[in-house]
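Undergrad: build the 3D model from these lines:
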Amino acid sequence: MNVILDRLGRFSAGHPWRALALWATVLTAVMGLAATVGGPAQENWDIPGARAQQGIEQLREHLPAAGNASAQVVVHDTDGSALDRGTLEALGDDLAGLDHVLSVSPPRVSDHGDTALITLAYDVPVTHRDLMGNLEPLEEAVAPYRDDLQVELGGELPGTAAAPMEGRGEMIGIIAALVILLLMFRSVVAAGLPVAVAVAGLGMGLTGVTVLCGLMDVSPTAPTVAAMVGLGVGIDYALLMLTRILEHVRAGEDFVDAAAHAATTAGRSVVLAGTTVLVSLMGLKLSGIPTLQAFGFTTAIAVVAVMFTALLLVPAVGSLFRNRLQPRAVRRGRVQKPQGVRAERWARRIAARPLPYLLAAASVMLVLAAPVLDMRTWPQSGGDGIGDTTTRRAFDLISSEIGAGANTPLLVVVDLHRAGQQGVATVTRTLEARDDVATTTPPMVSPDGEIAVLTADSAYADNDPRSADLVRDLRTEVPEGVEVTGNLALFTDIADLLATRLWLVIGFVVLISVVLLTMMFRSIAVPLKAAVMNLLSVGAAYGVLTAVFQWGWGLQLLGLDHSRPVSSWLPILMFTILFGLSMDYEVFLLSRVKEDYDQTRDPHGSVARGLASTSRVITAAAAIMVMVFFGFVTEMDALIRMLGFGMGVAILLDATVVRMVLVPATMSLLGHWNWWLPRRLDRVLPRLDPEGHAPVAPDLPDRKPELDPVG
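TA: Residues are numbered from 1 along each chain as shown. Next up, the predicted model:
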């Protein structure tokens with residue numbers, strides 16, 4: 001790999017216009033693929049293996065009006081007067097004329113008569129391209145009635161269009177990155193280069209995502225997550241490359257030689273760090289849910305694109321502007337102050353008394369992680385809407401006027417061949433006997449006589465834990481041949497499935513990451529320590545999310561008006577992304593520590609000098625990524641807001657408490673043990689040296705090193 005990266009660095013720096021042409025050629029090829037095989041984002045909400053999915057498939061086959069997309073139209077007289085039946089019938093007729101509408105339910109009127117709920121059933125799933133995110137036909141149909149009445153749209157179909165992405169997150173991240181880099185480099189050109197390279201790479205990556213959309217179903221939210229991660233790591237990778245190039249230039253090297261050396265050191269770290277991110281993202285394949293798998297693939301494409309762009313364009317663009325990369329004071333001959341002095345002093349202070357620092361930092365992380373023991377997850381509900389949206393108003397009206405459970409009714413499907421009419425009678429008695437069932441409807445038999453369907457409303461909102469208990473209890477009480485389905489049942493299955501699969505994904509990602517780090521650093525302690533530290537960061541972020549979103553601590557500061565469970569999608573998605581990003585910083589820091597240790601054999605001094613040489617770039621990179629993630633808290637989508645906040649908190653903790661305290665404290669305690677690897681394992685494992693150094697033979701290869709006294 002060293003030879004390839006060296007040649008790439010020399011080519012890019014020595015022939016910058018050719019490098020730019022090569023990048024443009026690759027981009028043109030990707031754009032060509034996007035034009036020929038690409039397509040728009042297409043959601044897929046089917047959950048293979050979920051019990052509710054079986055009932056949904058039965059409905060789609062025998063009673064499409066109950067098994068496909070639905071929408072709710074809520075009509076309310078703000079004066080409290082009873083609604084006019086003629087007006088409701090006219091509205092129903094207008095709604096029945098919309099494309100793909102299969103049936104319109106009779107109005108379900110509240111006890112006071114001032115609110116009515118009309119449910120539309122479509123002949124295609126909600127993920128169909130004609131429906132997904134398209135509220136315009138419904139809006140046009142209800143517009144004439146809004147002169148005299150409050151008419152709101154809720155339920156499944158309107159929920160797909162309630163929170164469009166507005167792109168504020170990316171802009172906030174880019175502006176913050178420019179400010180931070182300008183303060184760091186004191187040069188407009190140097191500050192703009194990493195941002196420009198990252199944006200270019202992200203453009204290539206999102207074009208590649210379009211290709212993926214033509215090959216498989218990709219959630220419309222997935223490109224936003226890919227942009228969030230791609231922008232953050234793209235700036236980080238470009239920043240690392242540029243910083244190392246400037247280090248070599250200040251040491252007196254020619255720019256081309258400096259770029260080549262940076263490519264074989266920082267560039268190798270970028271490749272290996274990016275690989276750990278990709279490995280973590282592939283853990284989403286184990287989730288068993290197509291939507292999450294698509295999130296992994298789209299984010300991986302963005303990471304590969306920004307990684308390739310950073311390796312190729314940073315030396316090229318830097319070469320074109322080499323005379324403008326240094327601060328004006330340096331260009332005028334002033335000597336720049338040495339960097340990292342404070343970080344080195346801090347690391348040596350920790351090395352002198354590592355145990356108290358270790359215990360204090362670990363205590364902070366464990367306290368922050370403690371709320372995770374109370375975390376409850378649930379898929380995004382209509383009541384989780386942010387801001388003054390029609391879906392949120394519809395949810396609140398239904399809850400207050402008709403019943404909270406009416407927002408997400410249960411459907412009980414009876415296979416008449418297997419359960420017969422006796423099964424229908426048993427299900428009816430079971431539903432009517434339960435106190436947690438608010439209302440039920442008489443059974444409806446499909447036109448082909450194959451199934452009967454009963455509808456029931458929970459007495460509670462869908463995200464109330466008692467509603468999930470209702471689904472689980474019913475499944476144990478109904479006879480064979482009966483399936484409990486509908487959105488409430490599907491939400492329950494998603495929450496249960498992801499809670500179970502999370503541990504499988506965590507095990508896979510941690511195991512593969514530990515193996516990769518063992519090959520990189522030829523150590524047992526370093527990978528295990530890194531895994532524990534990253535788990536602490538993620539656990540603390542989970543805890544803060546639980547305290548803020550579920551307990552409601554400081555929720556108003558995020559523009560939210562009520563607490564809610566943590567989104568079921570969040571823990572598994574957040575873990576795979578964060579574990580890879582945390583490994584990025586681990587590779588950047590430890591590669592410099594290992595480089596120094598190989599040369600000096602000084603276990604404590606190498607930690608201090610490694611931290612000193614990387615603290616500035618890691619701090620700047622982390623600050624940029626935190627601002628990028630926090631920028632997405634301004635978006636309207638609740639999942640994106642939670643994800644941006646949680647990842648911003650995790651990176652903030654990782655770059656401060658973990659990298660600046662826990663890592664130097666544990667490495668100071670372990671001393672030479674940091675770099676011990678059994679001789680047999682050393683012979684078996686392939687070498688992935690993160691900085692491309694020649695291997696240095698350990699002092700006592702056949703013997704475990706003795707633990708150094710601290711100080």
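Undergrad: what is the burial count for the nearest residue to residue 135 once chain neighbours are set aside?
TA: Among residues not flanking residue 135 along the chain, residue 161 sits closest, at 4.4 Å (CB to CB, 6 or more residues apart in numbering). For glycine as for every other residue, the C-beta is placed from the backbone atoms N, C-alpha and C. Close neighbours of residue 161, defined as other CB atoms under 10 Å, add up to 19.
Undergrad: contact partners for residue 161?
TA: The contact partners of residue 161, by CB atoms under 8 Å, 6 or more residues apart in numbering, come to 133, 134, 135.
Undergrad: for the stretch 501-650 of the chain, what spans make up the strands?
TA: 566-567 (DSSP state E, counting those that start in this stretch).
Undergrad: meant to ask about the chain, not that
TA: 70-76, 101-104, 108-109, 115-122, 150-154, 377-378, 410-415, 437-440, 444-445, 451-458, 482-485, 566-567 (DSSP state E).
Undergrad: dump those to CSV, plus mean neighbour count and mean pLDDT.
TA: Formatted as CSV, the strands of the chain follow (neighbours: other CB atoms under 10 Å; pLDDT from 0 to 100):
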stretch, mean neighbour count, mean pLDDT
strand 70-76, 25, 95
strand 101-104, 18, 92
strand 108-109, 18, 94
strand 115-122, 23, 94
strand 150-154, 23, 94
strand 377-378, 22, 90
strand 410-415, 26, 94
strand 437-440, 18, 93
strand 444-445, 14, 92
strand 451-458, 24, 94
strand 482-485, 25, 94
strand 566-567, 24, 90
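Undergrad: closest to residue 263 out of those strands?
TA: With CB to CB, the closest approach to residue 263 among the strands of the chain belongs to strand 566-567: 40.4 Å.
Undergrad: what's in contact with that closest one?
TA: 375-380, 542, 545-546, 549-550, 638-639, 642.
Undergrad: what is the burial count for residue 459?
TA: 17.
Undergrad: I'd assumed residue 176 was in contact with residue 191.
TA: No. Assessed by CB atoms under 8 Å, residue 191 is found out of contact with residue 176, at 11.7 Å.
Undergrad: higher neighbour count, the two?
TA: residue 191 (22 against 18).
Undergrad: got a list of what the more buried one touches?
TA: Contacts of residue 191 by CB under 8 Å, 6+ apart are 178, 181, 182, 184, 185.
Undergrad: quick one: it from residue 232, how far?
TA: Distance, residue 191 to residue 232, by CB to CB, to the nearest Å: 16 Å.
Undergrad: how is this protein partitioned into domains?
TA: 1-43+166-337, 65-159, 344-388+494-556+569-680, 409-485 (automatic domain parsing).
Undergrad: tell me which of those domains lies nearest to residue 687.
TA: Per CB to CB, nearest to residue 687 of those: domain 344-388+494-556+569-680, 6.7 Å.
Undergrad: gap between residue 404 and residue 639?
TA: Counting by CB to CB, the gap from residue 404 to residue 639 is 22 Å.
Undergrad: residue 591 touches residue 269, doesn't it?
TA: Yes. Using CB under 8 Å, residue 591 is in contact with residue 269, at 5.0 Å.
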